[in-house]
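Peer 1: I need the structure of the sequence given here:
(2 chains)
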Amino acid sequence: MTWWRNISLSRQGTDRLVGGGLGLMAVISASVVFFILIFVCRGALPALREVGLTRLLTDGRWLPASSREPQYGVTAMLAGSLLVTAGAMLLATPLGLLSALFERFYAPRNLGRWYRRVLELLAGVPSVVFGLWGLMVLVPAINRWHPPGQSLLAATLILGLMVLPTLALTASAALESVPAAYFQAASALGMGRAATILGVALPAARTGIGGGALLAAARAIGETMAVVMVCGNIAQIPGSVFDPVRPVTSTIALEMGYATAAHRSVLFATALLLILMVAGPLGLAAFVKTQQKKRTVRHA
Amino acid sequence: MPDPSRHRRTRTADRLLGALCWASALAVVAVFLWLLWDLLSQGLSHLSWSFLTGTVEDAGRGGGIAPVILSTLLILLVCLAVAVPLGVGCATWLSEYQRPDGALAGAITKAVDLLASVPSIVFGLFGMVFFCQVLDLGFSITAGGLTLACMILPIIIRTTLTGLHSAPNELRLGAAALGMTRHSALRHLLIPAAVPGIVVGVTLGISRAMAETAALIFTSGYATRMPSSLSDSGRAMSVHIYDLAMNVPGGAANAAASAAILLAVLTAINFTASKLSDRWHAKAVVTR
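Peer 2: Now for the predicted structure:
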């Protein structure tokens, strides 16, 4: 990339105007995220000041609309978000990874291409459609097995299915970028296909695969629609996978419509917690990436 | 002398991993087909011309979805009208007016990446406070479209950047050697070179925006009547599906029909996007 200012002598007025205009657009684009943070913080401020973070985390129950003695315990919802996400990742990571390996190493060329198309289509299915399918098909099925059906299990399955394509596609891209020389060397050493995959391809691609997994986890925590339709929406710490749960995102989606005063502000505070929870895995991914870059520079 | 037991072990590991891979791939395809089959079998029987052109009746249990389709298109229009110029402008500035390693450009890129990671429900909250209340747009198609514009902005910026980066440097050097002004070089050379990237970005943006529900519930609202202006509330397809499934007993069949339509449209859009980007990449390799 050439930096234009070094090669262009143009000092025309229009150029400055265009440059300034484009710069303004860039600054506006960049400021959107700060606006979001500011407005969420502003909404959360009364709750943080009057209710306090400690009460949010230590109140036993979630009764925000109670007029006599409102309680604002968000622990059960945080647990709900984390459990659903952990379950979804537990389901999607092995399946996604095996899918990527299938597409890269085991499928005949054409079949692999078709499989990739299927994954891309699956990645494009809107979350509300996953939710609808879960509600129409999965929940009744679980209900027959172990009522009530709307449960941690249903949310986990739907969310796992939803993040699976993300995982598989990023893992596949990471595997694709493993240098061909590695495979040639492995082949020259007489390594079998499984040994090449487990000993060469996966270790070489592990940063990319891990990054994809963290991305998928962040998506899973932030997902609203697919989860709200199947999780049962009862704010409790579930005793088993068949118990209903209520993640943070569902709470916001269900209650924002009618919440007022302190209740509303607490919802903004939970949105802030949600942002922090999503920032966790993404920050980790960015950190790993920079570490990796540093290491490559040192090796070179 | 090779050890035969070791050879056998290698073969077994190969077979085992292969079987696992095939099994998981089959499972994924099976679940996908299952999902498609359910939606189509429940939805197709309700699909008809009058479903597409009729108004919403009985909270969505009866009638059609014409107002919903119109609202969706209007929301999309507002969203693209804002996000595309802003995103293309931002990317052009980052790519052509700033050093790639400059501090300001780095900060802006970081901020855009951060924006891409905000959960959609938070976009909904922000839109509700900022567009609906602070800017006093109310629950309206405009507010919903603007909220979605914030959401797809990172997609447009990223793909436009990729497009501009793939424009050969000779274009810039040649333009400078000919004494072209920067804006005419942009208009006649660089932006046209980046058009495939922009097109891919717009298609991806459309598919993301059409799939979105959470950001729209509190911004464009639930109204089911035919929108007469951009300041009317109007429900998008995805919100319609959500509302029918969650709040309207007996609405599942029409929800499935709407979902089948949404899925068909999105699949067509995504397919176009991936074809376009494939062809574009193939061409880029050939010319390079």
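
Peer 1: List the buried residues of the helix or strand hosting A:Q291.
Peer 2: Following DSSP states H and E, the helix or strand that holds A:Q291 is helix A:261-299. Under the neighbour-count criterion of 16 or more other C-beta atoms under 10 Å in any protein chain shown, helix A:261-299 has A:262-275, A:277-279, A:281-282, A:285-286 buried. To be clear about C-beta, it is placed using only N, CA and C from the backbone, and glycine gets the same treatment.

Peer 1: Residue ranges in chain B under the pLDDT threshold?
Peer 2: B:1-7, B:281-288 (pLDDT under 70).

Peer 1: quick check: longest helix of it.
Peer 2: helix B:4-43 (DSSP state H).

Peer 1: And the helix or strand just after it, what does it pack against?
Peer 2: Downstream of helix B:4-43, the next assigned helix or strand under DSSP H and E is helix B:49-53. Contacts defined by 3 or more C-beta pairs under 8 Å, 6 or more residues apart in numbering or on different chains; DSSP states H and E place helix B:49-53 against helix B:66-92, helix B:252-287.

Peer 1: of all of chain A, which residue lies closest to chain B?
Peer 2: Using C-beta to the nearest C-beta, the closest approach of chain A to chain B is made by A:G222 at 2.8 Å.

Peer 1: so who does that residue touch?
Peer 2: A:249, A:274, A:278, B:118-122 (C-beta atoms under 8 Å, 6 or more residues apart in numbering or on different chains).

Peer 1: Any chance you could give me stretch A:266-277 in PDB, C-alpha atoms only?
Peer 2: Extracted C-alpha coordinates of stretch A:266-277, given in PDB (Å, rounded to 0.1, in the frame of the first residue of the first chain):
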ATOM      1  CA  VAL A 266     -31.500  -2.400  36.200                       C
ATOM      2  CA  LEU A 267     -32.100  -3.800  32.700                       C
ATOM      3  CA  PHE A 268     -29.600  -1.300  31.300                       C
ATOM      4  CA  ALA A 269     -27.100  -2.500  34.000                       C
ATOM      5  CA  THR A 270     -27.600  -6.100  32.900                       C
ATOM      6  CA  ALA A 271     -27.000  -4.900  29.300                       C
ATOM      7  CA  LEU A 272     -23.700  -3.500  30.600                       C
ATOM      8  CA  LEU A 273     -22.900  -6.800  32.200                       C
ATOM      9  CA  LEU A 274     -23.700  -8.500  28.900                       C
ATOM     10  CA  ILE A 275     -21.300  -6.200  27.000                       C
ATOM     11  CA  LEU A 276     -18.600  -7.100  29.600                       C
ATOM     12  CA  MET A 277     -19.300 -10.800  29.200                       C
END
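
Peer 1: To B:G43, which of the helices and strands packed on helix B:49-53 lies closest?
Peer 2: helix B:252-287 (3.5 Å; C-beta to C-beta).

Peer 1: in that closest one, what's buried?
Peer 2: Neighbour count says helix B:252-287 has B:252, B:254-263, B:265-267, B:269-270, B:273-274, B:276-277, B:280 buried, by 16+ other C-beta under 10 Å.

Peer 1: Cross-check those residues against chain A and keep the overlap.
Peer 2: The subset of the buried residues of helix B:252-287 within reach of chain A, counting by C-beta under 8 Å from any C-beta of the partner chain, consists of B:252, B:255-256, B:259, B:262-263, B:266-267, B:269-270, B:274.

Peer 1: Next, the angle from the strand or helix carrying A:L83 to helix B:4-43.
Peer 2: A:L83 is part of helix A:75-101, with elements assigned from DSSP H and E. Compare the direction of helix A:75-101 with that of helix B:4-43 by axes from the mean of the first three to the mean of the last three C-alpha atoms, to 10 degrees and you get 120 degrees.

Peer 1: Name the next helix or strand following helix A:75-101 along the chain.
Peer 2: Helix A:75-101 is succeeded, C-terminally, by helix A:109-123 (DSSP H and E).

Peer 1: now the residue of chain B found nearest chain A, nearest residue through space, not along the chain?
Peer 2: In chain B, the residue that lies nearest chain A is B:P119 (2.8 Å; C-beta to the nearest C-beta). Leaving aside its sequence neighbours, B:P119 sits nearest to A:G222 (C-beta to C-beta, 6 or more residues apart in numbering or on different chains; 2.8 Å).

Peer 1: how much space between A:P203 and A:F287?
Peer 2: 20 Å (C-beta to C-beta, to the nearest Å).

Peer 1: Correction: the previous question concerned A:L215.
Peer 2: Distance from A:L215 to A:F287, by C-beta to C-beta: 14 Å.

Peer 1: How about A:I36?
Peer 2: 23 Å.

Peer 1: now do A:R104
Peer 2: Taking C-beta to C-beta, one finds A:R104 at 27 Å from A:F287.

Peer 1: Could you do A:V227 as well?
Peer 2: 27 Å.

Peer 1: tell me the phi and psi of the residue of chain B closest to chain A?
Peer 2: Phi and psi for B:P119, reported as degrees, to the nearest 10, are phi -60, psi 150.

Peer 1: Was I right to think it contacts A:T224?
Peer 2: Yes: using C-beta atoms under 8 Å, B:P119 is in contact with A:T224, at 7.2 Å.

Peer 1: any shared contact partners between those two?
Peer 2: Joint contacts of B:P119 and A:T224 (C-beta under 8 Å, 6+ apart) are A:249, B:214.

Peer 1: which of those two has more neighbours?
Peer 2: A:T224 (30 against 24; other C-beta atoms under 10 Å in any protein chain shown).

Peer 1: give the contact list for the more buried one.
Peer 2: So A:T224 contacts A:127, A:249-250, A:252-253, B:119-121, B:213-214 (C-beta under 8 Å, 6+ apart).

Peer 1: how does it look with 6 Å?
Peer 2: Under the criterion of C-beta atoms under 6 Å, 6 or more residues apart in numbering or on different chains, the neighbours of A:T224 are A:249, A:253, B:121, B:214.

Peer 1: same question, A:Y115
Peer 2: A:103, A:107, B:25.

Peer 1: Skipping adjacent residues, who's closest to the last one in space?
Peer 2: Think B:A25. A:F102 (4.2 Å).

Peer 1: burial measure for the one you found, as a count.
Peer 2: 25.

Peer 1: Could you break the chain into its assigned domains?
Peer 2: As the question left the chain open, I've gone with chain A. A:2-50, A:71-299 (automatic domain parsing).

Peer 1: Oops, wrong one, chain B.
Peer 2: If you go by automatic domain parsing, chain B breaks into B:4-46, B:49-287.

Peer 1: what's the most buried one of the ones you listed?
Peer 2: Stretch with highest mean neighbour count among the domains of chain B: domain B:49-287 (a mean of 20; mean count of other C-beta atoms under 10 Å in any protein chain shown).

Peer 1: what's stretch B:259-275 in contact with?
Peer 2: A:120-121, A:124, A:129, A:132, B:39-40, B:43, B:200, B:203-204, B:206-207, B:237, B:241.
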